[in-house]
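Novice: Sequence and computational prediction follow.
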Amino acid sequence: MSPPAVLLTGAGKRYDIVSCFAALTTTVVADPSPLAPAQYAAHVRASVPLIDDPGYLPALESLCAEHGVGAVLPLTDLDIELLARARADGRLPALVPSPDVARATYDKYETHLLLERLSLPSPPTVLPEHDLEGLSYPVMVKPRRGSGARSIHLAHDPAQARFFAAYISEPAMVQRAMGGPEFSVDCLGDLDGRCLNAIPRTMLESRGGESIKGAVVRDEELIELGRATMEALEVTGPATIQAFRDPDIGLGITDVNTRFGGAFPAPIYAALPGHSYPELIVRLAAGEEVAAHVGEFRAGLTFTRYYWQLELDEQLMPTGRDIIPGGPPAPQ
């Protein structure tokens, strides 16, 4: 039998993720934007209502029924909680955490409180209305629901922290500015919230909050941090855990994204044969039991990402033409 199809929501420009799934099974992309480039790597492109439209979930349900979808994965933060509720209600086979975890991890202050309750390391974090005098400075003032490194400001004293909190036109939080190197751990949890693997990487360069250069590293402390966080939160599906190793306070988790991270190529390159996260997800969707293999990967590989594009005709169909005949040249 053919493996079940996979439905990806909010694919945007993640051509790499869609391509990896399309090489394994029928892949459906649901995106409200007719110009989302990643949809052209899928077998099926579907225009759906906006996420806050009452017709959004019914549209996804229809696509699942029509194409035999066994796994739904969000490629953006915006609909994770919605998909989590649909999974809890038995409406969609979404690989996302519980609604409570999805809600908490979409709010960075709630993430901090959740990590503290679970005895997981998180930097000192308060709200602007709390006592800012007793904090260790500098601090980062950032939106509680920010993404893409939007509206993040470094404050060196309480007056600056209050100014930036008022300047940001949305609910904000104040968090100790972590020193030392920044890392991410790309993880995958099975249907029971058991961590299958945790692959750490450096964050050599980010642009707009998205990692564009990095290297896979073997760091036992980070591997264990990824496993412990995934299993404490009982995450089903992919997640990226961001952390700093501060010289004074040690590891501190600054973000938990319960979806694929921007540096998706890193765990793909690092995976052992047959164990890439898309391959494991397709196996889970087919009902297979996948053995945990935390720490089994190839370290020392570096990735660097670049940009390419598509030409579309008057009906927004790919023309097949490229700026260089044959597409991007092979690396030399």
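Specialist: Good, I have the coordinates.
Novice: contacting residues around the biggest helix by length in the chain?
Specialist: Of all segments of type helix in the chain, defined using DSSP state H, the longest is helix 220-233. For helix 220-233, contacts defined as C-beta atoms under 8 Å, 6 or more residues apart in numbering pick out 97, 101, 105, 114-115, 118, 120-121, 183, 185-187, 189, 193-195, 198-200, 239, 241, 243, 251, 253, 256, 294-295. Backbone N, C-alpha and C define where each C-beta goes, glycine included.
Novice: in that helix, what's buried?
Specialist: Neighbour-count burial for helix 220-233, counted by 16 or more other C-beta atoms under 10 Å, picks out 222-223, 225-233.
Novice: where's S184, which helix or strand?
Specialist: Here S184 sits within strand 182-189, counting by DSSP states H and E.
Novice: other SSEs contacting the one helix or strand M140 maps to?
Specialist: Using DSSP H and E, M140 maps to strand 139-143. Contacts defined by 3 or more C-beta pairs under 8 Å, 6 or more residues apart in numbering; DSSP states H and E place strand 139-143 against strand 153-155, helix 158-167, strand 172-176.
Novice: just so I know, which of those lies nearest R321?
Specialist: Each of the helices and strands packed on strand 139-143 was scored for nearness to R321 using C-beta to C-beta, and the closest is strand 153-155 (43.7 Å).
Novice: Quick one: list the elements packing against that closest one.
Specialist: So strand 153-155, by 3+ C-beta pairs under 8 Å, 6+ apart, packs with strand 139-143, helix 158-167.
Novice: Paired strands for that strand, with orientation please.
Specialist: With DSSP bridges as the test, strand 153-155 is paired with strand 139-143 (antiparallel).
Novice: From the buried residues of helix 220-233, pick the one nearest P4.
Specialist: The closest of those to P4 turns out to be M230 (C-beta to C-beta; 23.5 Å).
Novice: Tell me how far the closest one lies from G193.
Specialist: Noted for M230: a distance of 7 Å to G193, by C-beta to C-beta, to the nearest Å.
Novice: Do a quick rundown of the helices in the chain.
Specialist: 15-22, 56-67, 80-88, 99-105, 108-117, 158-167, 220-233, 265-270, 277-285.
Novice: Could you save those as a markdown table and add columns showing distance to G326 and mean pLDDT?
Specialist: Formatted as a markdown table, the helices of the chain follow (distance: least, C-beta to C-beta, whole Å; pLDDT from 0 to 100):
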| stretch | distance to G326 | mean pLDDT |
| --- | --- | --- |
| helix 15-22 | 17 | 97 |
| helix 56-67 | 31 | 98 |
| helix 80-88 | 38 | 98 |
| helix 99-105 | 42 | 97 |
| helix 108-117 | 44 | 97 |
| helix 158-167 | 49 | 95 |
| helix 220-233 | 39 | 98 |
| helix 265-270 | 22 | 96 |
| helix 277-285 | 26 | 98 |
